[in-house]
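Enquirer: Quick check, what structure comes out for this input:
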Amino acid sequence: MSKIIITGATSGIGRELAIQLAQKGNTVGLIGRRLERLEELAEEIGDRAYYRSLDVTDFETANVVYQGLADEMGGMDIMILNAGVGRDSLLPKWDSDKQTIDVNVSAFVHGAHFAFTYFRAQNKGHIVGMSSIASHLSSGRAAAYTASKHFISNYMTGLRQKANKLELDLVVSDIRPGYVKSEMTEKNKNMFWVATTEKAVRQMVTAIEKKKKRAYITKRWWLIATIARLTPQFVWDRLKF
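Expert: Got it, this is the predicted structure:
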């Protein structure tokens, strides 16, 4: 069984990942901002759960928290970089975009750097990055969000190339969900092919166990990704969404 640290574990996909992975006998390290939710989740999971409260954008603290949690667990085999935000319509546009970049880009890279350095030292490991089908799309209403997911997927490819160059036994998995019912998406309109959190996470867990380099969740979303890749730039430029 594996020792797995999950960022953004207090709700939605992160919470369900912790539950399903623990049910399979893995040890899970839970990271999130809301301490009370971490405590509730750890109590629900039982002895296989460890937790630390952290704002992942607090870079001075993050490395200490990641290392401390890994030490408490007796090591780390997999790090799932799941912490992320969507577009916050309640914030002014710049504040919303800045929050998206701070969490989805800067904090993601910081966590990936920690994981890569940790796994390089032990010459094995598995980094899982939570991207999105949005990595194939562009949107005038959520430009920073879609761009952040483009960044994550591209960065994961770069990490994989770096690991190959260094001849590390390091798996890099890029998980690209479509619409998943969660707190983040509950106010979204015009969603389709919406998966329950439980179903989506079951497929994610399978992809992680199979050490997939890339996985669309649910699987049908590969079709949208293919259409997006084949769409000419002038079409994207004319879209109004």
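
Enquirer: Please enumerate the strands of this structure.
Expert: Taking DSSP state E, the strands of the chain run over residues 3-7, 27-32, 49-53, 78-81, 124-130, 169-177, 214-217.

Enquirer: now those strands as CSV including distance to S153?
Expert: No exception for glycine: its C-beta is placed from N, CA and C like everyone else's. Putting the strands of the chain into CSV (distance: least, C-beta to C-beta, whole Å) gives the following:
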stretch, distance to S153
strand 3-7, 17
strand 27-32, 22
strand 49-53, 27
strand 78-81, 12
strand 124-130, 8
strand 169-177, 5
strand 214-217, 8
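
Enquirer: Save those as CSV, and put in distance to A147, mean pLDDT and mean neighbour count too.
Expert: Shown next, in CSV, are those (distance: least, C-beta to C-beta, whole Å; pLDDT from 0 to 100; neighbours: other C-beta atoms under 10 Å):
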stretch, distance to A147, mean pLDDT, mean neighbour count
strand 3-7, 20, 98, 24
strand 27-32, 24, 98, 26
strand 49-53, 29, 97, 20
strand 78-81, 17, 98, 26
strand 124-130, 15, 97, 22
strand 169-177, 15, 97, 22
strand 214-217, 19, 95, 22
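
Enquirer: Between the ones you listed, which one is closest to K93.
Expert: Relative to K93, the nearest member of these by C-beta to C-beta is strand 124-130, separated by 24.3 Å.

Enquirer: out of the strands of the chain, nearest to P92?
Expert: Of all the strands of the chain, strand 27-32 sits nearest to P92, with 25.4 Å by C-beta to C-beta.

Enquirer: the inter-axis angle of that closest one versus strand 3-7?
Expert: 10 degrees (axes from the mean of the first three to the mean of the last three C-alpha atoms, to 10 degrees).

Enquirer: could you point out the longest helix in this protein?
Expert: Ranked by residue count and defined by DSSP state H, the top helix of the chain is helix 143-165.

Enquirer: other SSEs contacting that helix?
Expert: With contacts taken as 3 or more C-beta pairs under 8 Å, 6 or more residues apart in numbering; DSSP states H and E, helix 143-165 sits against helix 93-100, helix 108-122, strand 124-130, strand 169-177.

Enquirer: Need the residues that contact that helix.
Expert: Outside helix 143-165, the residues that touch it by C-beta atoms under 8 Å, 6 or more residues apart in numbering are 84, 86-87, 96-97, 100-101, 104-105, 108-109, 112, 116, 127, 129-132, 134-135, 137-139, 170, 172-174, 176, 213.

Enquirer: Check the residues you listed for burial and list the buried ones.
Expert: Among the contacts of helix 143-165, the ones that count as buried by 16 or more other C-beta atoms under 10 Å are 84, 86-87, 96-97, 100-101, 104-105, 108-109, 112, 116, 127, 129-132, 134-135, 137-139, 170, 172-174, 176.

Enquirer: Need the per-residue pLDDT for A142.
Expert: With respect to pLDDT, A142 scores 81.
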